[in-house]
Each structure stands twice: as C-alpha cells, then as structure tokens.
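S.K.: Need the 3D shape of this:
(one chain, ligands or ions: 2)
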Amino acid sequence: MSVTVRVPAKVNVQLAVGGARPDGFHDLANVFLAVGLYDEVTVSPADTLRVTCEGPDASQVPLDRTNLAARAVEKLAARYGRRADVHIHIAKDIPVAGGMAGGSADGAGALVACDALWGTGASRDELLEICAELGSDVPFSLVGGAALGTGRGERLRVLEVGGSFHWVFAVADGGLSTPAVYGEFDRLNEGVSVPEPVASGGVLAALASGDASALAEAVSNDLQAAALSLRPSLASALAVGVDGGALAGIVSGSGPTTAFLVADAEAGGKVADALVGAGVCRAARVAVGPVGGAVVV
Ligand SMILES: C[C@](O)(CO)[C@H](O)COP(=O)(O)OP(=O)(O)OC[C@H]1O[C@@H](n2ccc(N)nc2=O)[C@H](O)[C@@H]1O
Ligand SMILES: Nc1ncnc2c1ncn2[C@@H]1O[C@H](COP(=O)(O)OP(=O)(O)OP(=O)(O)O)[C@@H](O)[C@H]1O
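M.R.: Ligands and ions are numbered 1, 2, ... in the order given. Reported below is the predicted structural model:
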C-alpha cells in the first residue's frame with residue numbers, strides 16, 4: 001500500500017522584509033501564490049526510514065535525515081508514538097534551491113501522505129503546527145492558493161484571487177542558499193533603519209481582481225537586491241524577460257529563479273523562447289497560479 005501527494009511550488013508576489021530579529025529570522029509580509037509546478041511525494045511502509053528521489057535535479061537533493069520530507073515524517077511519528085519506518089519517494093519537478101519552496105513542498109507532502117497512510121487523523125491545525133516547525137514556507141505549501149504570511153512567513157491568512165495569472169520561470173544554473181541571501185540583505189541594510197513589513201494594498205487588490213497588469217505594477221521583492229548582489233548575472237535574465245514581453249520580472253523569493261508575469265499563455269511561450277534563446281537560464285518553465293495545496297492523488 002502506498003500514498004502519493006502532489007504539492008505545488010510557490011512564487012512570492014510581494015516579499016517585504018523587516019530587520020533581523022533576535023532569533024536571526026526576519027519578520028515578513030509575504031504574499032505567496034502557489035503555481036502549477038509540482039513535486040509528488042509517495043510513502044509506503046518499509047523496514048526503516050529511507051528517501052529516494054528522481055528528476056533532473058535529483059542529485060542535489062539530500063537523501064539522509066536532513067531531507068525535509070524525512071524530518072516531517074519523523075515529527076509526525078514522534079507525535080503519534082510510532083516508528084517512522086517508511087520509504088519516501090520524491091518525484092521532483094520543482095527546481096532545487098531555486099526560491100520556489102521545493103524542499104518545503106516535500107515536507108508538507110510527506111506529512112499529508114503519512115497522515116493518510118497511518119490514519120493518524122491529525123487535525124489541519126496540528127499539521128500546520130508541524131509544518132511551521134519544519135520551516136517558514138512549509139505551512140503555505142500545505143495550504144496552497146494565495147495567502148499572506150506574517151511572522152517569519154508561517155502565520156497565514158488565505159487570500160481570495162479573482163482570476164488566473166500566467167508565469168514564466170527562468171531556472172538558473174546552481175542554487176542560492178536562503179540564509180546567505182537573508183545575510184546579504186542584512187549586510188546591504190547595515191546602519192539603515194528597516195521599516196516594519198506591511199502587505200501592499202496594490203498587490204492584494206490586483207490579486208482580488210485577477211488583473212495581471214495591475215499585479216505587474218505592484219509586485220516587489222525586498223530580497224531581490226541581495227540575490228542580485230550575490231548573483232549579478234540575474235540582471236540579464238530579468239532584462240531579457242521584460243524585453244521579451246513580460247509584464248514584470250522579479251527574483252522568486254531568495255532566488256536564483258527569476259519569475260516573469262505574462263498576459264497569457266501565448267506571451268508566456270514568447271518570453272520562454274527569448275530566455276532560452278539568449279542563454280540566460282538553464283531552462284524556462286511556464287505555469288499558472290493560483291493552484292491548490294498538498295493533495296492526495
Ligand atoms: C525566502 C522565502 O522562501 C520566501 O517565501 C522564505 O522566507 C524562506 O523560507 P524557508 O526556506 O522555509 O526558510 P527557513 O527554513 O524557515 O529558514 C532558513 C533560514 O532563512 C532565514 N530566514 C527565513 C525566514 C525568515 N522569515 N527570516 C529569515 O531570516 C534564516 O536565516 C533561516 O535560518
Ligand atoms: N526534499 C528536499 N528537496 C530539495 N532540497 C532539500 C530537500 N530537503 C532538504 N533540502 C535542502 O534544502 C536546500 C534548499 O532547497 P529548496 O529546493 O527547498 O530551496 P528553495 O526552493 O530555495 O527554498 P525556499 O524557497 O523555501 O527558500 C537544498 O539545497 C537541500 O540541501
């Protein structure tokens with residue numbers, strides 16, 4: 001018997017970052033949008049906990065207990081007083097270390113899958129609590145759709161969205177470490193009084209109305225300067241995508257994936273061709289959001 005859960009990637013349509021907190025994290029106003037690029041996490045009973053992974057980036061995924069999916073299963077097992085003896089298989093399509101919450105997706109997916117496999121019947125709030133312990137992005141991977149994340153991003157308020165948004169993602173060669181990008185944000189803001197992060201009225205209104213042009217005017221990412229400082233070549237990808245017809249181009253979360261909002265699928269195809277043709281990315285992926293969160297398939 002096995003259970004498979006499908007979990008989406010995310011893009012941050014607004015990422016407002018406050019100053020560093022005493023615990024090293026940053027308070028955020030983080031507007032998440034789940035997009036249709038998916039990992040599939042399958043769990044089945046086994047003699048001991050083990051992780052396998054397939055997909056183009058599989059060699060970059062840790063297969064030991066540091067894998068977020070393994071950590072999720074161990075946490076759920078500990079809570080319900082049982083052994084975490086499962087085989088976790090990850091079919092990975094979300095770029096690794098790309099700022100699209102791929103590891104978080106696998107953590108949320110493994111949790112939902114084991115909850116179903118073991119029949120633990122954990123409540124949604126209990127699962128969300130475990131997600132928050134695993135990482136700041138993990139609760140959103142469970143919920144999907146669109147949400148405003150506050151605190152370190154783990155406290156979610158679901159947002160209504162009035163339409164679908166088309167995106168092109170330029171996948172960069174090599175990843176960027178999330179702590180390194182937040183560290184660079186702190187370095188760039190040394191001596192500056194960083195304001196409290198607040199959700200943008202423009203972003204929320206554009207999501208609610210489903211208006212892509214309005215969203216393009218409003219998107220922002222306070223980590224973008226830090227990601228560009230660590231990876232200056234991302235500026236060329238942003239320029240090529242916007243010149244190729246995107247309504248807006250931003251770094252996705254902590255990067256190095258760049259995300260382009262486009263008017264429709266046809267414009268998306270053109271932007272993807274321009275990005276690949278200019279050689280500014282390893283691959284270009286098209287996806288639509290919002291889509292639902294972690295779900296048993
Ligand atoms: C950049 C984003 O992807 C935007 O959604 C997230 O803020 C990162 O979320 P994540 O990968 O789940 O991050 P976590 O695993 O919780 O934290 C990894 C590291 O990122 C930094 N971090 C993360 C979240 C946050 N609000 N402030 C931080 O400073 C901290 O150095 C932390 O040690
Ligand atoms: N299941 C997993 N899939 C991918 N990476 C994982 C996983 N579990 C742990 N990791 C580790 O986490 C690191 C970051 O990978 P991930 O793909 O989650 O980054 P990310 O998309 O930039 O995350 P975020 O957008 O949440 O900051 C990897 O380099 C890897 O060492």
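S.K.: Residues in contact with the helix or strand harbouring Ala235: which ones?
M.R.: Ala235 belongs to helix 234-243 when elements are defined using DSSP states H and E. With contact meaning C-beta atoms under 8 Å, 6 or more residues apart in numbering, helix 234-243 is reached by 168, 170, 172, 227-228, 248-251, 255-256, 258, 260, 271, 274-275, 278, 280-281. The way it works is simple: take the backbone N, C-alpha and C, and place the C-beta from them, glycine included.
S.K.: Within reach of ligand 1, which of these are there?
M.R.: Within the set of those, contact with ligand 1 (C-beta under 6 Å from any ligand atom) is found for no member.
S.K.: Just the ones of those residues in strands?
M.R.: Cross-referencing the contacts of helix 234-243 against strands under DSSP state E gives Val168, Ala170, Ala248, Gly249, Ile250, Val251, Thr258, Phe260.
S.K.: Going by distance to ligand 2, which of those residues wins?
M.R.: Minimum distance to ligand 2 across the ones in strands among the contacts of helix 234-243 is 11.0 Å, recorded for Val251 (C-beta to the nearest ligand atom).
S.K.: ok, the closest one - contacts?
M.R.: Each residue near Val251 by C-beta under 8 Å, 6+ apart is listed here: Gly99, Asn221, Leu223, Gln224, Ala227, Leu228, Leu234, Leu238, Thr257, Thr258, Ala259.
S.K.: Quick one, which of those residues has the minimum pLDDT?
M.R.: Lowest model confidence among these falls on Gly99, which carries 94.
S.K.: Would you confirm that that residue contacts Arg231?
M.R.: No. If you go by C-beta atoms under 8 Å, Gly99 and Arg231 don't touch, sitting 10.9 Å apart.
S.K.: what touches both of these two?
M.R.: Contact criterion C-beta under 8 Å, 6+ apart; residues shared by Gly99 and Arg231: Leu176, Gly255, Pro256.
S.K.: residue ranges for the strands of this protein, please.
M.R.: Ranges of strands within the chain are 3-20, 26-45, 50-54, 86-91, 146-150, 155-158, 165-171, 220-221, 248-251, 258-262, 283-289, 295-296, based on DSSP E.
S.K.: Turn those strands into a markdown table, including distance to Leu127.
M.R.: Written out in a markdown table, the entries for these read as follows (distance: least, C-beta to C-beta, whole Å):
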| stretch | distance to Leu127 |
| --- | --- |
| strand 3-20 | 12 |
| strand 26-45 | 14 |
| strand 50-54 | 20 |
| strand 86-91 | 17 |
| strand 146-150 | 15 |
| strand 155-158 | 13 |
| strand 165-171 | 27 |
| strand 220-221 | 28 |
| strand 248-251 | 30 |
| strand 258-262 | 28 |
| strand 283-289 | 22 |
| strand 295-296 | 13 |
